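1. based on what follows, work out the 3D shape:
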Amino acid sequence: MKTRKIINRWGPTSLAVLLAASLTGPAYAQPASEQAAVSSEATAGAEQVAEARHELPRGHFRLPEQGDIIGEYYTVTVDNPEDTLIDIARRHNIGYEEIRMANPGVSMWVPGEGTEIVIPAQYILPPAPREGVVVNLSELRLYYYPANNPGIVETYPVSVGRDGFATPVGITRTTVKVKDPAWAPPASMRREAAERGEPAPAIVPPGPDNPLGRHAILLAMPSYLIHGTNRPDGVGMRASRGCIRMYPEDIESLYERLPSGTQVNLMDAPFKAGWAADGTLFVQSYPQLEENVEGSEPLRDAMERLNALVEDQVDIDEAQIQRAIAEPDGRFVALHGPQAAVEEQPQPEAQQPQLEGILGDIELSTVVRIEGDA
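-> Take a look at the predicted model:
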């Protein structure tokens, strides 16, 4: 598969400005706002769900002793008529595209009181070493395997680069962590704003207008960060200029615990496959990023992944794989095992009775018409 690996360089001024303004500049307190209230509500809601379902913090799952699958699908019922699907997604640690694909036909803005909403909180771990941070770009999701807690994996929805600003594929590491960062809009953005008659400032100080949010983790790939956002409604879609955006409550939690120097694997796996603990083989398929389509063959790539996983243990129904690729909605599809759909076996044809004598030479399917009275 051909993937984009072009890395833009920080201008020396940009990085220096961000760090200097963030680490040594005046401290700007973020004022209390509606955004802060939403963040608190989202965190509280997630903690309640976590306590009720897993007794683990938001986004944390125990690694399976066998297999590759964590979490579970469940449903909730809308009890607040003012809730949007985005509000519900955030409370349950789900991103925009995930909640949309899991609930086709449900209004994003007015799902309606009493509507049952599917929460797709079940994941096949991505096909990468389970260490450090793994970001699966097509899935719009980050996975973190903390070295000091080897039985746990954390996962959070993220935004990645939009068209024209694709997030690169590659392995890097975290470097500097910055709280309340200042942001220096790139020269290209300032030019575009000026052309629209909306000149952008050279420096955006910490505060509610800062698109980096309150926490930023710089990567060794210059110009790319993992950071928060002042527009959390866009988390879980392609909305950034190449950086990895997270919900404010998620980046705050990760910021405190993610050591500098942690490996970060930026990968693009639109097709995932894995075993459940009961021996069921599942697959998930996501829309492939446009910049990685050239040179790829989705069916071939999927079959190669499955063949490596099953090692000739089971027969793969290629038609099911083709359907999953053609309808990339992130849903689990069981290919084999206890949870797979059982195909109806054709009923054996009834045996024809054996007749002796002259009647045995007559085809039973032949219709014999007798004229006259009986």
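2. low-confidence ranges in the protein?
-> The chain contains residues with pLDDT under 70 at 1-54, 292-295, 312, 342-374.
3. look up how far Gln66 lies from Asp278.
-> Using CB to CB, to the nearest Å, Asp278 is found at 9 Å from Gln66. In short, each C-beta sits where N, CA and C put it, glycine included.
4. and if you look at Gly337?
-> In terms of CB to CB, Gly337 sits 13 Å off from Gln66.
5. who has more neighbours, these two?
-> The neighbour comparison of Gly337 against Gln66 (other CB atoms under 10 Å) goes to Gly337, with 14 against 10.
6. contacts only, for that one.
-> Contacts here follow CB atoms under 8 Å, 6 or more residues apart in numbering; on that basis Gly337 touches 276, 278-281.
7. which residue packs closest to it, ignoring adjacent ones?
-> The shortest distance from Gly337 to any non-neighbouring residue, by CB to CB, 6 or more residues apart in numbering, is to Thr280 (3.4 Å).
8. how many residues are close by that neighbour?
-> For Thr280, using other CB under 10 Å, the count is 18.
9. and if you look at Glu290?
-> By other CB under 10 Å, the residues close to Glu290 number 11.
10. that one contacts Gly161, correct?
-> No. Here Glu290 lies out of contact with Gly161, judged by CB atoms under 8 Å, at a distance of 11.0 Å.
11. highest neighbour count among the contacts of Gly337?
-> Neighbour-wise, the contacts of Gly337 (other CB under 10 Å) top out at Leu281, 23 neighbours.
12. OK, contacts around it?
-> Applying CB under 8 Å, 6+ apart, the residues near Leu281 are 273-275, 309-310, 314, 334-337, 340.
13. from those residues, which ones fall inside strands?
-> In strands, defined here by DSSP state E, the members of the contacts of Leu281 are 273-275, 334-336.
14. would you map the helices across this structure?
-> 12-23, 34-53, 85-91, 96-102, 187-195, 248-257, 298-310, 318-326 (DSSP state H).
15. which residues does Gly197 contact?
-> Gly197 neighbours (CB under 8 Å, 6+ apart): none.
16. quick one: it and Val310, what's the gap?
-> 59 Å.
17. out of the ones in strands among the contacts of Leu281, which is nearest to Arg257?
-> Nearest to Arg257 among the ones in strands among the contacts of Leu281, counting by CB to CB, is Gly274 at 25.9 Å.
18. distance check, that closest one against Lys177.
-> Distance, Gly274 to Lys177, using CB to CB: 32 Å.
19. list only buried entries from the ones in strands among the contacts of Leu281.
-> Among the ones in strands among the contacts of Leu281, those that count as buried by neighbour count (16 or more other CB atoms under 10 Å) are 273-275, 335-336.
20. looking at these, which is nearest Tyr145?
-> Nearest to Tyr145 among those is Gly274, at 15.5 Å by CB to CB.
21. which residue, other than its chain neighbours, is closest to that closest one?
-> Distances taken as CB to CB, 6+ apart place Asp68 nearest to Gly274, at 2.9 Å, with adjacent residues excluded.
22. number of nearby residues for Thr262?
-> Thr262 has 19 neighbours, counted by other CB under 10 Å.
23. and it, how far is that from Ile171?
-> Look at Thr262 and Ile171: by CB to CB, they are 11 Å apart.
24. okay, now Gly242: neighbour count?
-> Neighbours of Gly242 (other CB under 10 Å): 18.
25. just Thr84 next, same as before
-> 17.
26. phi, psi of it?
-> Note on Thr84: its backbone torsions stand at phi -100, psi 170 [degrees, to the nearest 10].
27. hang on, the earlier thing: quick one: contacts for the residue nearest to Gly274?
-> By CB under 8 Å, 6+ apart, the residues touching Asp68 are 124-125, 274-275.
28. can you show me the strands along the stretch 51-200 of the chain?
-> 60-62, 69-77, 116-124, 132-136, 141-145, 152-157, 160-161, 170-179 (DSSP state E, counting those that start in this stretch).
29. give me the helices and strands touching the third one, please.
-> In other words, strand 116-124. Judged by 3 or more CB pairs under 8 Å, 6 or more residues apart in numbering; DSSP states H and E, the packing partners of strand 116-124 are strand 69-77, helix 85-91, helix 96-102, strand 271-275, strand 281-285.
30. in a markdown table: these, plus distance to Ala324.
-> Listed next are the helices and strands packed on strand 116-124 as a markdown table, based on distance: least, CB to CB, whole Å:
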| stretch | distance to Ala324 |
| --- | --- |
| strand 69-77 | 16 |
| helix 85-91 | 23 |
| helix 96-102 | 13 |
| strand 271-275 | 8 |
| strand 281-285 | 4 |
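31. which one, of these, ends up nearest to Arg238?
-> Taking CB to CB, helix 96-102 is the member of the helices and strands packed on strand 116-124 nearest to Arg238, at 8.5 Å.
32. let's see that closest one as CSV, backbone CA atoms only.
-> Output of helix 96-102 as CSV, limited to C-alpha atoms (Å, rounded to 0.1, in the frame of the first residue of the first chain):
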residue,chain,number,x,y,z
TYR,A,96,-18.3,11.7,15.5
GLU,A,97,-18.0,9.2,12.7
GLU,A,98,-18.2,6.2,15.1
ILE,A,99,-21.6,7.3,16.5
ARG,A,100,-22.9,8.3,13.1
MET,A,101,-22.1,4.9,11.4
ALA,A,102,-23.4,2.9,14.3
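33. what does it rub up against?
-> By CB under 8 Å, 6+ apart, helix 96-102 touches 85-86, 88-89, 94, 108, 117-120, 140-141, 157, 233-237, 329-331.
34. can you do 10 Å?
-> Residues from elsewhere that reach helix 96-102 (CB atoms under 10 Å, 6 or more residues apart in numbering): 73, 75, 84-90, 92, 94, 106, 108, 111, 117-121, 123, 139-141, 157, 159, 232-239, 286-287, 327-331.
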